[in-house]
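*Asks:* Fold the stuff below for me.
(2 chains)
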Amino acid sequence: MSKLRVAFIIPAYNEESVIANVINDLRRGLRTVKYNFEIVVVNDGSRDDTEAVSKKAGAKVISHILNSGSGGATATGLSYAQQNHFDFAATLDADGQHTTEDVKKGINIMLKEEVDLLIGSRLLDSKGMSKVKILGNRGLTIITFLLFGVSVTDSQSGLRIFSKRSLNELKWRTSGFEFCSEMLWRAKQLDLRIKEYPIKAIYTDYSLLKGQSNWNAVNIVKSLVKRRVTELFGE
Amino acid sequence: MSRYLILVLLNIPLIGIALLNTLVTYKMGHISLRRFVLKITFWIIILAGLIFIKNIYTFLFSRGLTQTEPLSLFDVVQITGVIYIFHLVNRLYVKFGLLERKVKDLHQELSIRLTTKK
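*Replies:* Presented below is the predicted three-dimensional model:
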């Protein structure tokens, strides 16, 4: 029987100062795992040295010619995993907010249970998260439920693990951060099995500075409403 | 020739083209069944409005909702213009949607292939 293959996708935009640490930590943490893996950085048209730094750290780098947003970069990474016949793919944030332990825990859940889309939820145990972040994430999660009827605790989490079926079937239209919610909606439409598990989120000064401000949530909501209304009239 | 007749003759080809385009885009798989039904309904309502334009105008005038009775030449031009704009907006909407999807797919595929070739 051939060995299981897992792709770890890291969409990155101007992350030269942290991306090497993220790749190295991940590789170090995965040293003992029994499956084959590849770390893939999707450089989303960065203007800094993200591409060179990621290559130097030993990751496979797919470079977007144009910046197309987090949703676009994630779609490219997952499309690469699908074309290269990976069994699972996991997406991680490039700012180092996810621990390798949580990533490994997620893969183990995928191996044991029949899940198509596994979401690492920061809100099942929100210790260490600022109240503003909790409020923003909960707000978007409620909006995701109201618009799309998908009930999860953390609709915006960047740590997600995809089964082969998800890799083959799951597609979305939006390319910004709103793709997180749209992806859940598409998964529901496809009747994919969605599950959540608790993860810790590490917030450094860097990730707080780079992360989404709650004001961006307004843009996300606008895009989601637009998408929902457009599809209400068919497309 | 009656101005009502001019209006109908000017606009029926436009509506015919719009209905045909909607059918073709649906058959080509570019729009969903729901959108197809909505678009066809929209154009049929406009067509019905045109066919019964005289009755509608008489009704509007009798209720004091329009001051221009009978239909002026300007009204004919204006209504034709509005219908043409509807038609253009619909076509542009479909074309932009398709183009956006194609560019996105192209960008994605190009990025992967260029990386694999290196």
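
*Asks:* From A:Ile39, how far out is A:Arg28?
*Replies:* 11 Å (Cβ to Cβ, to the nearest Å). Placement of C-beta: from N, CA and C, glycine included.

*Asks:* does residue 8 belong to a helix or a strand, and which?
*Replies:* I went with chain A, as the question did not name one. strand A:5-12 (DSSP states H and E).

*Asks:* Oops, wrong one, chain B.
*Replies:* For B:Val8, the secondary-structure element it belongs to, assigned by DSSP H and E, is helix B:3-27.

*Asks:* State the next helix or strand along the chain beyond that helix.
*Replies:* Per DSSP H and E, helix B:3-27 leads on to helix B:33-51 as the next helix or strand towards the C-terminus.

*Asks:* how much does that next one deviate in direction from helix B:3-27?
*Replies:* Orientation check (axes from the mean of the first three to the mean of the last three Cα atoms, to 10 degrees): helix B:33-51 against helix B:3-27 gives 170 degrees.

*Asks:* Show me which positions of helix B:33-51 end up buried.
*Replies:* By neighbour count on 16 or more other Cβ atoms under 10 Å in any protein chain shown, the buried set for helix B:33-51 is B:35-36, B:38-39, B:43, B:46-47, B:50.

*Asks:* give me the number of residues near B:Leu88?
*Replies:* For B:Leu88, the number of neighbouring residues by other Cβ atoms under 10 Å in any protein chain shown comes to 11.

*Asks:* Give the other helices and strands that the helix or strand hosting it contacts.
*Replies:* For B:Leu88, the host element (DSSP H and E) is helix B:73-117. Packed against helix B:73-117 by the contact rule (3 or more Cβ pairs under 8 Å, 6 or more residues apart in numbering or on different chains; DSSP states H and E) you find strand A:60-63, helix A:69-83, helix B:3-27, helix B:33-51.

*Asks:* Select, out of these, the one closest to A:Val229.
*Replies:* Evaluated with Cβ to Cβ, the helices and strands packed on helix B:73-117 place helix B:33-51 nearest to A:Val229, the distance being 12.7 Å.

*Asks:* Would you mind listing where chain B has pLDDT under the threshold?
*Replies:* Within chain B, the set of residues satisfying pLDDT under 70 comprises B:1, B:68-69, B:117-118.
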